[in-house]
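Enquirer: Provided below are the primary sequence and the corresponding predicted coordinates.
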Amino acid sequence: MVNIIWMVLILVGIFYSIITNNLETVNTTIVDSTKVSLDMLFKIFPVVALWMGLTKIAETSKLLEKLSKKLSPMLTKIFPEIPTGHESLSLIASNMIANLFGLGSAATPFGLKAMSSLQKLNKKKDTASRSMITFLVINTSGLTIIPTTIISLRMMYGSLNPTKIVFACILSTLFSTFGGIIMDRILARRYKN
């Protein structure tokens with residue numbers, strides 16, 4: 001659906017530029033936006049590569065596993081339907097840890113594996129389970145301590161203090177996560193079936 005919306009917006013823009021005899025602006029915008037995108041890629045990639053490398057080292061050295069065990073007591077309260085020691089708790093914890101450091105691209109594989117693992121526990125295969133919904137809420141709210149992508153974007157555009165937004169990001173993602181969990185619990189009680 002989103003692809004269709006984007007296609008319609010692009011076609012309307014091109015059609016409008018033809019009608020207003022402003023096709024040169026479209027060509028200039030296309031060329032300029034590809035240059036900006038490539039510049040952005042080259043400036044953000046090293047930061048993301050560094051953090052993904054650190055995440056891989058943490059995974060290989062079993063640091064993620066140790067952190068997952070530390071998060072396990074909290075996760076068993078948030079996900080009471082998941083049996084203690086199940087692999088999905090470790091995958092959820094790894095996803096949450098990657099998100100804490102603002103590494104959405106590193107968190108995605110853990111999130112997909114966690115959902116796959118939760119689907120194995122799901123009795124109704126055509127409907128999302130309670131745990132799947134709760135995990136989706138937590139993952140979407142994205143509790144973040146170090147917003148690496150935002151910091152690198154601010155550095156790229158010449159911010160004098162690129163880390164100034166860290167406290168605001170922590171606060172906003174903390175509120176969104178707790179708000180999401182509270183709403184999840186309220187709706188779960190309301191619609192038990």
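Expert: Now that the structure is in, tell me what you want to look at.

Enquirer: what about the strands in this protein?
Expert: For the chain, strands defined by DSSP state E do not occur.

Enquirer: Poorly predicted segments of it, please.
Expert: 193 (pLDDT under 70).

Enquirer: So which bits of the biggest helix by length in the chain are buried?
Expert: Ranked by residue count, the top helix of the chain under DSSP state H comes out as helix 23-60. Along helix 23-60, these residues count as buried under the neighbour rule (16 or more other Cβ atoms under 10 Å): 44, 47, 48, 51, 55, 58, 59. Any C-beta I mention is one placed from the backbone N, CA and C, and that applies to glycine too.

Enquirer: Stretch 133-150 too?
Expert: Buried, per 16+ other Cβ under 10 Å, within stretch 133-150: 134-139, 141-144, 146-150.

Enquirer: Just the residues you listed: which are in helices?
Expert: 134, 135, 136, 137, 138, 139, 141, 148, 149, 150.

Enquirer: Closest one to residue 117 out of those residues, please.
Expert: residue 135 (10.1 Å; Cβ to Cβ).

Enquirer: What separation is there between that closest one and residue 172?
Expert: 20 Å (Cβ to Cβ, to the nearest Å).

Enquirer: again with residue 38
Expert: 30 Å.

Enquirer: hang on, the earlier thing: which of the ones in helices among the buried residues of stretch 133-150 lies closest to residue 160?
Expert: Using Cβ to Cβ, these come closest to residue 160 at residue 150, 15.2 Å.

Enquirer: residues near the spatially closest residue to residue 39 that is not a sequence neighbour, how many?
Expert: Closest residue to residue 39 apart from its sequence neighbours, by Cβ to Cβ, 6 or more residues apart in numbering: residue 156 at 7.6 Å. Residue 156: 16 surrounding residues under other Cβ atoms under 10 Å.

Enquirer: Could you do residue 78 as well?
Expert: For residue 78, using other Cβ under 10 Å, the count is 18.

Enquirer: Residue 19 versus residue 9, what's the distance?
Expert: 16 Å.

Enquirer: Kindly report the same for residue 80.
Expert: 59 Å.

Enquirer: just residue 95 next, same as before
Expert: From residue 95 to residue 19 the distance is 48 Å (Cβ to Cβ).

Enquirer: Residue 4 too?
Expert: 22 Å.

Enquirer: check contacts around the residue most central in space within the chain.
Expert: Nearest to the geometric centre of the chain sits residue 104, at 4.2 Å (Cα atoms, centre = their mean). Residue 104 makes contact with 98, 142, 149, according to Cβ atoms under 8 Å, 6 or more residues apart in numbering.

Enquirer: Can you tell me which of the residues you listed lies closest to residue 126?
Expert: The closest of these, once distances to residue 126 are taken by Cβ to Cβ, is residue 142, at 27.4 Å.

Enquirer: The closest one contacts residue 99, doesn't it?
Expert: Yes. Using Cβ atoms under 8 Å, residue 142 is in contact with residue 99, at 5.3 Å.
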